[in-house]
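Chemist: For reference, the sequence and a predicted model appear below.
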Amino acid sequence: MLNVLTIFGTRPEAIKLAPVIKELQKASGICSKVAVTGQHRQMLDQVLDLFQIKPDVDLNIMLHNQSLFQITNRSLTGLEKLFDQERPDLVLVQGDTTTCFAAALSAFYCQIPVGHVEAGLRTENKYNPFPEEMNRRLTTVLSDLHFAPTDLAKENLIQCGVPEKKIFVTGNTIVDALQNILEQPIHDAHPVLERIPHNSRIILVEAHRRENLGNPMENICQALDKLVENFPDLHLIFSVHKNPKVREVVYRKLQNKERIFLIEPVDYPTLIHLQSKAYLILTDSGGIQEEAPSLGKPVLVMRKTTERPEGVKAGVAKLVGTNAKSVFLETARLLKDKKLYNKMSRIANPYGDGKASKRIVQIIQHHFKRKKEK
Ligand code: UDP
């Protein structure tokens with residue numbers, strides 16, 4: 001039996017690893033175990049419940065207002081103990097979180113091979129996104145199997161000196177997760193939708209990145225306020241992240257404003273349903289940038305840079321920065337210009353075809369079979 005231990009800690013990792021875990025569970029010759037750090041407790045648990053994943057180990061490291069030092073420290077300490085008991089043949093990590101980096105480093109200390117799902121995303125800006133750009137670069141150097149979602153991600157890995165034979169272009173597993181949800185019967189609609197007249201336009205907002213905390217978040221909120229003031233048919237739904245630094249600004253600037261609805265983070269199918277009801281999406285989230293094109297929704301990315309230029313290249317996403325003026329002007333332009341809107345609301349799928357998880361598991365099986373034969 002090949003023992004594969006999948007380690008993650010946050011909502012986006014759980015969403016993107018859930019289809020891989022399902023495939024690992026079905027695969028012959030593989031014993032799959034799951035360990036979570038609990039870096040984002042509540043938002044992680046929502047996804048575990050949804051996909052009915054019961055972690056074998058839960059390190060439960062989360063603290064209120066936790067620093068990067070605390071997350072890294074507590075993950076490493078927990079994982080050291082875990083690796084004392086478990087000696088997996090492969091550790092699987094995903095993306096760019098601090099959990100991902102800490103798990104790859106812990107596996108390296110124990111000389112256990114690492115497989116990195118969603119490898120090769122880059123902005124080439126050390127501090128943007130922070131700390132994710134560095135987390136994924138460090139994870140790359142610690143990994144043995146690199147599952148790149150796109151050809152561009154593969155190119156980035158080659159640029160970093162990763163041997164081509166260790167890179168596999170699989171598509172992004174988020175498309176697998178999204179397709180799984182779209183196949184299910186329609187989920188109960190969020191109650192906020194009942195408060196919005198049918199003929200109005202909805203903007204769905206989600207913003208939480210660490211580099212957008214403070215001033216950029218203030219600017220974003222200012223732009224949102226002005227948008228609602230200027231477009232009387234506009235209703236805004238903002239899923240407010242659990243990070244207290246996000247909540248403080250968003251509630252202070254936007255609470256009790258007419259046509260602005262601040263909601264708690266919702267479960268994944270509800271967020272997909274809200275995306276499908278939106279006229280357009282304003283976000284700094286990586287996952288939403290990948291989902292919206294599959295749903296035919298234009299995305300305005302409130303960041304200075306993106307490691308997902310594929311959507312921008314396909315013409316379905318646009319970088320609008322984080323200053324109040326540019327967020328307002330770019331959104332207003334899209335709201336006024338129907339031709340531009342139609343151009344951006346095509347269904348496109350630059351990130352995957354829904355079969356990434358199957359490919360990843362087949363590659364793992366093949367790799368370890370060959371290793372055994374050698
Ligand atoms: N998401 C969700 N509920 C919400 C907001 C987002 O399920 O209220 C999902 C979203 O659809 C996407 C993922 O969370 O799949 C993105 O996670 P996040 O924005 O936290 O991280 P990022 O993708 O930026 O790393």
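Modeler: Structure's in. What do you need?
Chemist: in the sheet, who's paired with the closest residue to the ligand within the stretch 101-250 of the chain?
Modeler: Per Cβ to the nearest ligand atom, the residue of the stretch 101-250 of the chain with the smallest distance to the ligand is residue 239, at 3.6 Å. C-beta here means a position set from N, CA and C on the backbone, and glycine is covered the same way. Following DSSP bridges, residue 239 is listed with bridge partners residue 263.
Chemist: List the residues that contact it.
Modeler: Residue 239 makes contact with 204-206, 263-266, 271, 274, according to Cβ atoms under 8 Å, 6 or more residues apart in numbering.
Chemist: Near the ligand, which residues of the stretch 201-350 of the chain are found?
Modeler: Neighbours of the ligand within the stretch 201-350 of the chain, by Cβ under 6 Å from any ligand atom: 206, 239, 265-266, 268, 271, 285-288, 291.
Chemist: I'd like the residues you listed written out as TSV, with pLDDT added.
Modeler: Listed next are these as TSV, based on pLDDT from 0 to 100:
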residue	pLDDT
206	98
239	98
265	95
266	94
268	95
271	96
285	97
286	96
287	97
288	98
291	97
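Chemist: quick one: which two of these are the most distant?
Modeler: 266 and 286 (17.7 Å; Cβ to Cβ).
Chemist: Please say which of these two ends up with more neighbours.
Modeler: Neighbour totals were compared for residue 266 and residue 286, and residue 286 leads with 24 against 18 (other Cβ atoms under 10 Å).
Chemist: Residue 32: what secondary structure?
Modeler: Here residue 32 is strand, with the state taken from DSSP: H, G, I helix; E, B strand; the rest coil.
Chemist: what bridges to it?
Modeler: residue 4.
Chemist: if I look at it, how far off is the ligand?
Modeler: 22 Å (Cβ to the nearest ligand atom, to the nearest Å).
Chemist: I'd say that residue and residue 21 touch.
Modeler: Yes. With contact defined as Cβ atoms under 8 Å, residue 32 reaches residue 21; the gap is 6.4 Å.
Chemist: Show me the common contact partners of those two, please.
Modeler: Residues within reach of residue 32 and of residue 21 at once, by Cβ under 8 Å, 6+ apart, are residue 6.
Chemist: pretty sure residue 147 is in a strand, no?
Modeler: Yes. Residue 147 sits within a strand when classified using three-state DSSP.
Chemist: Contact partners for it?
Modeler: 115-119, 168, 170, 356, 359-360, 363.
Chemist: buried set for the helix or strand hosting residue 174?
Modeler: Using DSSP states H and E, residue 174 falls within helix 173-183. Neighbour counts over helix 173-183 (16 or more other Cβ atoms under 10 Å) mark 173-178, 180-181 as buried.
Chemist: how far is the helix or strand following it from where the chain is centred?
Modeler: Next in sequence after helix 173-183, counting helices and strands by DSSP H and E, comes strand 201-206. Relative to the mean C-alpha coordinate of its chain, strand 201-206 is positioned 18 Å out (Cα atoms, centre = their mean, to the nearest Å).
Chemist: Please name every helix or strand in contact with strand 201-206.
Modeler: helix 215-230, strand 234-239, helix 268-277, strand 280-283 (3 or more Cβ pairs under 8 Å, 6 or more residues apart in numbering; DSSP states H and E).
Chemist: Sitting in helices, which of the contacts of residue 147 do you find?
Modeler: If you go by DSSP state H, the contacts of residue 147 have 356, 359-360, 363 in helices.
Chemist: contact partners of stretch 99-114?
Modeler: So stretch 99-114 is contacted by 7-10, 13, 37, 39, 71-72, 75-76, 79-80, 83, 87-94, 116, 134-136, 138-139, 142-145 (Cβ under 8 Å, 6+ apart).
Chemist: Going through those residues, which ones are buried?
Modeler: Looks like these have 7-10, 13, 37, 39, 71-72, 75-76, 79, 83, 88-94, 116, 135-136, 138-139, 142-145 buried, using 16+ other Cβ under 10 Å.
Chemist: picking up where we left off before, so which of the contacts of stretch 99-114 are in helices?
Modeler: Counting by DSSP H, these contribute 13, 71-72, 75-76, 79-80, 83, 134-136, 138-139, 142 to helices.
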